[in-house]
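[1] Pasting the sequence and the predicted model now:
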Amino acid sequence: MKYNFPQILLNSIFLYSNGEGPLVETSYGKLEGLYRKAINGKAVNVFKAVPFAAPPIGDLRWKKPQLPKSWDGVRKATEYSAACMSNSSTTSSPQKWVDEDCLYQNIIVPAGCSKSNLCPVVFYLHGGGINYDSAVMFNDTFLVNNFGGNDVILVITAFRLGFTAVLTFDDDSIVPRNLAIYDILRSLQFVQSEIGNFGGDPSRVTLLGHSMGGGLSFMLTMSKTINPDRKLWQRSIAMSGPLNVANVELLKNLTKEFVYRAGCSPSMDFEGNGQPVEAAMKCLQTKTGIELLAVQRAMEDEDKSKVIGGILLLDPLFPNDGIRDFLQNVPSTDVVMGSNLKEMDRFADDLDPAETMGFKNVKEVNEKYRRDEKNGDLKFSHSTDTQLLFLSNYLCANAFVNSGGTVYLYSFDYPKHPYHTDDLYYIMGIHPFEMDENEKELAKLYPYYFLNFSKTGKPNEEWIPYNQQWDNYLSINVSLIENIYPRNEPDYHKDIIDYWTKEMPAYDSWVTTKKRWRQPEFRVSELADDLKSDLSPCTATVIYYHTGWLSSIIFTIIVFIAGILMGRYTRRDNLEREEYIPITAWKE
C-alpha cells in the first residue's frame, strides 16, 4: 500500500515529540498528554488539567471566570489538578487534594479523531449538590475503554463548589450568584473554541450529568437565556437528575452565618448593623481557602441543613416566575433522561416536596402528604427524595416534548443494584461492585445507549420516544435465566405521578379557594377566575368545578343580596361535594 504522508500529516491533529506523549496545539499553547490503549485495542490520548479559565484566586476569588493566559513552550497535561474546594461528611469519597486553583478540564480523545474525522463530544457534569465531588475522581482506564475506545471524546469539567461558588447576597453586584454555572459556561465556550484542535466536533456536543449533574443538565438546557440557539451544546442526558433548586433566603442566611463565623462580622446580621457587604468581603479575602473551608465544614457538622450548595432559580441565567413558569416554553432539545428503581429509598425521608413542586399552600400540602402516609393511603412506598426524582423526569419530559423536543425516558430496574449512583459504575467507573452475569450483560448495553445518542441522536432503534398519551419509558433490566432484556413499558411511576400531578393539585386548589372564601373582601368573580384559570401545562392538575352550582350562587347573590352570608355558608358546605374534572393540557 502506498501512503500519502503529507496528507496524513495535514489531517492529523496530534504532533509528536520524542515519543513522550501526544501533543496538541490550542489557541493558548501546546499541550502534551498521555498515550493509552483501550481494551479493544484502539489508541486513545488523555489530556489532564487543561486550563479553561484563569485560576479563581486573589482578586478573582468570587468573580466570574476569566479567560486563561497563554503559555510558552509545551505544557504538561499528564497529571490531574487539585479538586475544587470541598470537605463534606455527606460523601463517602472525599477528595484528597483540594485547592481554589481548580478550573481545569480532563479530556479523553480517541487517537482516530482528526480534522477530517471529527468525533462527537460528551461534556460531563459531576454530582454532589455544588458542595462536593470533583472532575478528578474517575477511573482513567474505565473512561478510556468506555469513551475513547468507542470513538467519543469525553470532557470532564471542574466548577467551583460550596463557599467559593454559592455565597448569596441581595444581588450580583458584590458576588455573582450561581458562580458554578458561570464556570460551566466558560468551560463549554472553551470546548466550542478549542475542541476542534483535539479532533472534536463542536456541533455535536452532548451534556451528560448524574445526580446534581443531571439536575444541572436539566436546568442549563431549559434556561431560556443560556443556550436558546443550541450553539454551546446540542443534546442533553440527565441521569437521576433532581429538578430541585436552592432556597434564596436560606442561602442568604447561611452566607451571613458563614461571614460571622469567619470573623468578618460582629453578628450574623451584619447588614442590619450597618456593615456594608463590601467590608465583609474584603475581610474574607484575607482568609485562606483552608480556613474558610473549615468554617463551612463546622457549619455542616453542627446542622445538616446548613450545607452551602445548590443552584438558584434567578436572573439573569434563569429568568422565571417560579418553577412552573420555568418549565414552560423551554428550548426545543432532544434529551435522554431517567431514574433508578429505588433511587434514594435507603436514606432518611426528611424532605417536604410541596415547595419544590411549586404548590401555593406548602404547609397544608405537606401536612396532607404526611397524613396520607401515616394513614396508609398512599399507593407507593418511596421516599420523598425518590418521588421528586421521578416527578422531575416526568415534568421535564413533558416540558421538552411540549417544545418540540424528542425525549427518551428510562428506568434502570435491575433489582440487585437499584439505588442512586449504582448505575454510574457502568458509565464512569465509580462506586464499583462485583458484577453478576446479568450485570455483565448490562455493562455491554447500558453505556451504548448514551454513546449512540451522542453520535446519532438516538439511543437505539428499539427505544420508543416518550409519548404523552402513554407516559412510556424503557425499562432497563436483564435476567439471562428469565430471558428479560430492556423493553418499552407504559405508565412511568403512575401512582406517584397521579398523586402529585392530579390529586394534590386538586387539594391545593381547594385549600386556596377555602382560604379566599374566608376573606372579607372575597368576591365571587375571583372564585370564578380561580376555577377557570389555566394552570401550568407542565403540571397536570385537577380542579373543582361545577357549573350548575356556580350559576346558582351567582343567581342567589343577584336576587337575594340580603342573604349573601347564608350563601357563603352554603358554599362552604358544598365544597366537600365538588366533582373532580382533570385538566391535562399536554395530552390534548
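    Noted; the coordinates are in hand. Everything numeric in this text was worked out from a predicted model, so none of it was measured. Residues are numbered from 1 along each chain as shown.

[2] What distance do you get for the nearest residue to residue 231 once chain neighbours are set aside to residue 27?
    Excluding the flanking residues, the one nearest residue 231 by CB to CB, 6 or more residues apart in numbering is residue 192, at 7.2 Å. Using the backbone N, CA and C atoms, a C-beta is placed for each residue, glycine as well. Plainly put, residue 192 is 12 Å away from residue 27 if you go by CB to CB, to the nearest Å.

[3] So for the two, which sits in the more crowded spot?
    Taking residue 192 and residue 27 together and counting by other CB atoms under 10 Å, residue 192 has the greater number of neighbours (16 against 11).

[4] who touches the more buried one in this structure?
    Taking CB atoms under 8 Å, 6 or more residues apart in numbering, we find residue 192 in contact with 202, 205, 231, 232.

[5] Measure how buried the third one is and give me the count.
    It stands for residue 231. One way to gauge burial is a neighbour count; for residue 231, by other CB under 10 Å, it gives 13.

[6] my read is it is in a strand, agree?
    No. Residue 231 sits outside any strand when classified using DSSP: H, G, I helix; E, B strand; the rest coil, being coil.

[7] and the spatially closest residue to residue 246 that is not a sequence neighbour, what element?
    With CB to CB, 6+ apart as the measure, residue 310 is the residue that lies nearest to residue 246, at 3.0 Å, once sequence neighbours are left out. Taking DSSP states H and E as the definition, residue 310 sits outside all helices and strands.

[8] my read: residue 384 touches residue 351, true?
    Yes. Taking CB atoms under 8 Å as the definition, residue 384 is a contact partner of residue 351 at 4.4 Å.

[9] Those two: which has the busier surroundings?
    Neighbour count, other CB under 10 Å: between residue 384 and residue 351, residue 384 has more, with 20 against 17.

[10] residues contacting the more buried one?
    Contacts of residue 384 (CB under 8 Å, 6+ apart): 349, 351, 352, 353, 369.

[11] Would you agree residue 98 is in contact with residue 87?
    Yes. The pair formed by residue 98 and residue 87 meets the contact definition of CB under 8 Å, at 7.2 Å.

[12] where do the contact lists of the two overlap?
    Residues within reach of residue 98 and of residue 87 at once, by CB under 8 Å, 6+ apart, are residue 293.

[13] Find the centremost residue of this structure, please.
    Nearest residue to the geometric centre of the chain (CA atoms, centre = their mean): residue 215, 0.9 Å.

[14] which element is it on?
    Residue 215 is located in helix 212-222, with elements delineated by DSSP H and E.

[15] which residues sit against that helix?
    124-130, 181, 184, 207-209, 226-227, 236-245, 311, 313, 318, 326-327, 330-331, 333, 335, 337, 392, 396, 399.

[16] cool, and stretch 445-458?
    Applying CB under 8 Å, 6+ apart, the contact partners of stretch 445-458 are 120-122, 146-147, 150-152, 204, 206, 208, 235, 237, 334, 336, 406, 408, 410, 412, 423, 426-427, 459-460, 463, 476, 478, 485-486.

[17] Domain parsing of this structure, as residue ranges.
    What the record gives for the chain is the domain set 5-210, 249-306, 496-587, from automatic domain parsing.

[18] Quick one: mean pLDDT over the last one.
    The reference is to domain 496-587. Summarised as a single mean, pLDDT over domain 496-587 is 53.

[19] With the second one instead?
    When the per-residue pLDDT values of domain 249-306 are averaged, the result is 89.

[20] Likewise for stretch 360-378?
    For stretch 360-378, mean pLDDT rounds to 92.

[21] May I see the buried residues of it?
    Neighbour counts over stretch 360-378 (16 or more other CB atoms under 10 Å) mark 361, 362, 364, 365, 366, 368, 369, 372 as buried.

[22] ok so the third one is a helix residue?
    Yes. Secondary structure of residue 364, determined by three-state DSSP: located in a helix.

[23] pretty sure it contacts residue 510?
    No. No contact is recorded between residue 364 and residue 510 when judged using CB under 8 Å, the distance being 9.5 Å.

[24] For the residue nearest to residue 246, give me the backbone phi and psi.
    phi 100, psi 170 (degrees, to the nearest 10).

[25] Distance of it relative to residue 116?
    In this structure, residue 310 lies at 44 Å from residue 116, with CB to CB as the measure.

[26] And for residue 381?
    With distances defined as CB to CB, the gap from residue 381 to residue 116 amounts to 55 Å.

[27] One more: residue 249?
    Per CB to CB, residue 249 is found 55 Å from residue 116.

[28] Tell me how far residue 53 lies from residue 104.
    9 Å.

[29] circling back: looking at neighbours, which among the contacts of residue 192 is most surrounded?
    The member of those that has the most neighbours, counting by other CB under 10 Å, is residue 205 with 25 neighbours.

[30] pretty sure it contacts residue 231?
    No. Contact between residue 205 and residue 231 fails when scored by CB under 8 Å: they sit 9.4 Å apart.

[31] quick one: low-confidence parts of the stretch 301-450 of the chain?
    When the per-residue scores of the stretch 301-450 of the chain are filtered using pLDDT under 70, the ranges that remain are 349-350.

[32] just so I have it, where are all the helices in it?
    With DSSP state H, counting those that start in this stretch as the criterion, the stretch 301-450 of the chain has helices at 323-326, 354-357, 362-374, 384-402, 424-428, 437-456.

[33] Can you lay out the ones you listed as JSON lines showing distance to residue 174?
    Output for the helices of the stretch 301-450 of the chain, formatted as JSON lines (distance: least, CB to CB, whole Å):
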{"stretch": "helix 323-326", "distance to residue 174": "25"}
{"stretch": "helix 354-357", "distance to residue 174": "27"}
{"stretch": "helix 362-374", "distance to residue 174": "30"}
{"stretch": "helix 384-402", "distance to residue 174": "32"}
{"stretch": "helix 424-428", "distance to residue 174": "36"}
{"stretch": "helix 437-456", "distance to residue 174": "39"}
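
[34] Out of the ones you listed, which is the most enclosed?
    The highest mean neighbour count among the helices of the stretch 301-450 of the chain belongs to helix 384-402 (a mean of 24), with neighbours defined as mean count of other CB atoms under 10 Å.

[35] Next, the angle helix 362-374 makes with that helix.
    Between helix 384-402 and helix 362-374, the angle formed by their directions is 120 degrees, by axes from the mean of the first three to the mean of the last three CA atoms, to 10 degrees.

[36] which SS state does residue 154 fall under?
    What three-state DSSP gives for residue 154 is strand.

[37] Check residue 201 too.
    Secondary structure for residue 201, judged by three-state DSSP, is strand.

[38] is it true that it touches residue 122?
    No. In this structure, residue 201 sits apart from residue 122 without contact. The criterion is CB under 8 Å, and the distance is 11.5 Å.

[39] what about these two, which has more around it?
    For residue 201 against residue 122, the residue with the higher neighbour count under other CB under 10 Å is residue 122, and the figures read 27 against 17.
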